[in-house]
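In: My questions are about this predicted structure, shown below with the sequence.
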Amino acid sequence: MSSVSSNPYLMGNADLTGMTLAGGKYVLGAKLGAGGAGSVYLGTDSDLNEKVAIKILKELDDKRLERFRREAKATRKLEHPNILRLFDFGYESEVAYIVMEFLDGRPLNKILKEEFPVKIERSFELIKQACRALSHAHEKNIVHRDIKPGNMMVVDTKGSRELLKLVDFGIAKILDDQSTIEPALTTTGRVFGSPAYMSPEQTKGYPVDNRSDIYSLGCVLYECLTGTPPHVGDSPIHTIMMHQTETPVSLKEASMGQEFPHGVELLVQRMLAREPRMRYQNIEQVIDDIDRLDFSRPARAPKRSQLSESHKPIALSGDTTSPTEFSQKPPTTAVGTLDEKIWLFLAGGLVLVVLFALLIAVFAGT
């Protein structure tokens with residue numbers, strides 16, 4: 001196979017409108033969008049007379065074709081209300097294609113751009129749906145590795161509830177896939193993903209697991225609540241370095257003073273822990289803590305009894321500090337609190353009074 005397709009239809013930004021696939025079963029309509037790996041068209045399933053979305057790979061070099069195959073393999077294993085459905089895929093006449101569910105909705109990044117600020121309850125309802133989608137994927141040993149607002153489609157249902165669909169498993173890591181090309185796609189030092197939402201271990205080219213998706217989802221939640229991802233550098237490399245070395249500022253600071261319930265601050269802080277062992281260890285723990293949040297109460301620290309029992313630390317060699325306990329330790333300062341200063345002042349005054357009384361007694365005795 002040649003490294004680049006010689007098919008003129010697949011070179012550059014050629015419009016494939018009107019092209020048919022699978023013996024005329026699928027007809028390509030208007031182009032809906034394009035990404036680094038391919039273009040997406042509105043299509044028609046002629047057998048069912050239904051709208052579908054058809055993704056076409058632009059350039060058929062070996063690596064892109066394998067990545068395309070992996071996306072199809074990953075998505076086909078997933079059947080969940082919050083994950084885009086895959087109907088069919090194939091390769092013919094130098095055209096690789098995936099036929100997917102057509103969604104009449106908007107990507108989350110567009111909603112954040114047009115409607116920010118988004119209410120906190122709405123943000124958590126959407127994030128919770130993304131959690132459910134990831135829970136299903138993780139159960140199938142699939143890590144998405146490119147969680148970002150642009151890969152979350154929000155569809156208005158007939159009721160008042162919004163439906164979020166997780167899309168684009170193009171760089172998903174299938175943990176039980178023994179494909180011989182896997183090392184070439186995930187070689188240490190090569191970075192796959194979107195810099196603003198990548199986990200620290202992902203930016204370093206290290207192996208990733210479900211906790212990497214949890215970090216990336218934390219970045220999305222942070223942006224929903226504040227209007228900006230937790231780390232935005234002057235360049236993609238700078239952003240990557242910030243993920244590796246810096247702790248995000250609090251939601252309050254990032255949103256210019258908006259108050260958030262203390263439980264929300266802690267939840268986001270834990271999702272964004274730089275060390276995977278300090279994060280939530282599975283997405284179900286995130287769902288549990290979201291369910292425990294009470295947005296009607298003023299922002300204050302929760303009682304220790306209200307914290308999730310499921311967040312006790314997983315047995316880690318030499319580590320006995322749970323992430324939740326770690327995040328609640330108050331910062332130590334050199335000057336102490338105001339109450340400490342008052343008590344020190346009173347104690348010092350009492351000592352002076354006693355010394356003065358002793359001096360008077362001594363002089364009186366002489």
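Out: Yes, it's here.

In: so F68 sits in a strand?
Out: No - under the criterion used here (DSSP: H, G, I helix; E, B strand; the rest coil), F68 is helix, not part of a strand.

In: I'd say it and G38 touch.
Out: Yes - between F68 and G38 there is a contact at 7.4 Å, judged by C-beta atoms under 8 Å. Any C-beta I mention is one placed from the backbone N, CA and C, and that applies to glycine too.

In: between those two, what contacts are shared?
Out: Listed contacts common to F68 and G38 are L57; contacts here mean C-beta atoms under 8 Å, 6 or more residues apart in numbering.

In: burial of S296, as a residue count?
Out: When neighbours are defined as other C-beta atoms under 10 Å, S296 has 7 of them.

In: Give me the pLDDT value at it.
Out: Predicted confidence (pLDDT) for S296: 75.

In: Next, the contact list for R106, please.
Out: M153, V154.

In: Over to the one 5 residues further on?
Out: By C-beta under 8 Å, 6+ apart, I111 lies in contact with V118, P149, V154.

In: Out of the residues you listed, grab the one that's most surrounded.
Out: P149 (22 neighbours).

In: Break the chain down into its domains, please.
Out: Domain ranges of the chain: 8-101, 106-328, per automatic domain parsing.

In: wait, which of those is closest to I360?
Out: Comparing the domains of the chain against I360 with C-beta to C-beta, the closest turns out to be domain 106-328 (48.8 Å).

In: What segments of the stretch 1-150 of the chain are strands?
Out: Counting by DSSP state E, counting those that start in this stretch, the stretch 1-150 of the chain has strands at residues 20-21, 26-34, 38-45, 50-57, 86-92, 95-101, 106-107, 142-143.

In: can you tell which of those is closest to F169?
Out: Of all the strands of the stretch 1-150 of the chain, strand 142-143 comes closest under C-beta to C-beta, at 7.1 Å.

In: Which positions in the helix or strand just after the closest one come out as buried?
Out: Counting by DSSP states H and E, the element after strand 142-143 in chain order, helix or strand, is strand 152-156. By 16 or more other C-beta atoms under 10 Å, the buried positions in strand 152-156 come out as M152, M153, V154.

In: What's the first helix or strand after strand 152-156?
Out: Sequence-wise, the next helix or strand downstream of strand 152-156 (DSSP H and E) is strand 162-166.

In: Nearest to D209 among the buried residues of strand 152-156?
Out: Out of those, the member with the shortest distance to D209 (by C-beta to C-beta) is M152, at 20.9 Å.

In: if you skip the residues just before and after it, what's nearest to that closest one?
Out: Leaving out its chain neighbours, the residue that sits closest to M152 by C-beta to C-beta, 6 or more residues apart in numbering is L108, at 4.1 Å.

In: what sits against that neighbour?
Out: Applying C-beta under 8 Å, 6+ apart, the residues contacting L108 are L126, P149, G150, M152, M153, V154, L164, V220, C224.

In: Of these, which one scores lowest on pLDDT?
Out: Among the contacts of L108, G150 has the weakest pLDDT, 93.

In: Pick out the residue closest to the middle of the protein.
Out: Using C-alpha atoms, centre = their mean, the residue of the chain that lies closest to the mean C-alpha position is L217, 1.6 Å off.

In: Could you check how far the closest residue to it other than its chain neighbours is from V268?
Out: Counting by C-beta to C-beta, 6+ apart, the nearest residue to L217 once its immediate chain neighbours are dropped is I147, at 5.3 Å. I147 sits 15 Å away from V268, going by C-beta to C-beta, to the nearest Å.

In: now R69
Out: 36 Å.

In: of the two, who's got more company?
Out: The neighbour count for R69 versus V268, taken as other C-beta under 10 Å, is higher for V268 (21 against 17).

In: contacting residues for A72?
Out: Neighbour list for A72: L86, F89, I98 [criterion: C-beta under 8 Å, 6+ apart].

In: dump the residue contacts of the closest residue to T75 other than its chain neighbours.
Out: Excluding its sequence neighbours, the residue lying closest to T75 (C-beta to C-beta, 6+ apart) is L86, at 4.2 Å. Shown in contact with L86 (C-beta under 8 Å, 6+ apart): A72, T75, R76, L78, I98, V99, M100, E101.

In: just curious, which of those residues is nearest to V353?
Out: Among these, and counting by C-beta to C-beta, the member closest to V353 is L78, at 75.8 Å.

In: picking that back up, thought the residue nearest to L217 was touching Y197?
Out: Yes - I147 lies in contact with Y197 (C-beta under 8 Å); the separation is 6.1 Å.

In: which residues are common contacts for these two?
Out: Applying C-beta under 8 Å, 6+ apart, one finds that I147 and Y197 are jointly contacted by S216, C219, V220.

In: if we can go back for a sec, beta-bridge partners for the residue nearest to T75, please?
Out: The partner list for L86 in beta bridges (DSSP bridges) reads M100.

In: how near is I240 to G233?
Out: In terms of C-beta to C-beta, I240 sits 8 Å off from G233.

In: right, I mislabeled it, should have said D289
Out: D289 is 29 Å from G233, by C-beta to C-beta.

In: same check, this time on Y97
Out: From Y97 to G233 the distance is 37 Å (C-beta to C-beta).

In: Then R277?
Out: Counting by C-beta to C-beta - R277 and G233 are separated by 25 Å.

In: what does V354 give?
Out: According to C-beta to C-beta, V354 and G233 sit 59 Å apart.

In: Of the two, which one has the most company?
Out: Comparing V354 with G233 by neighbour count (other C-beta under 10 Å), the higher total belongs to G233, at 15 against 10.
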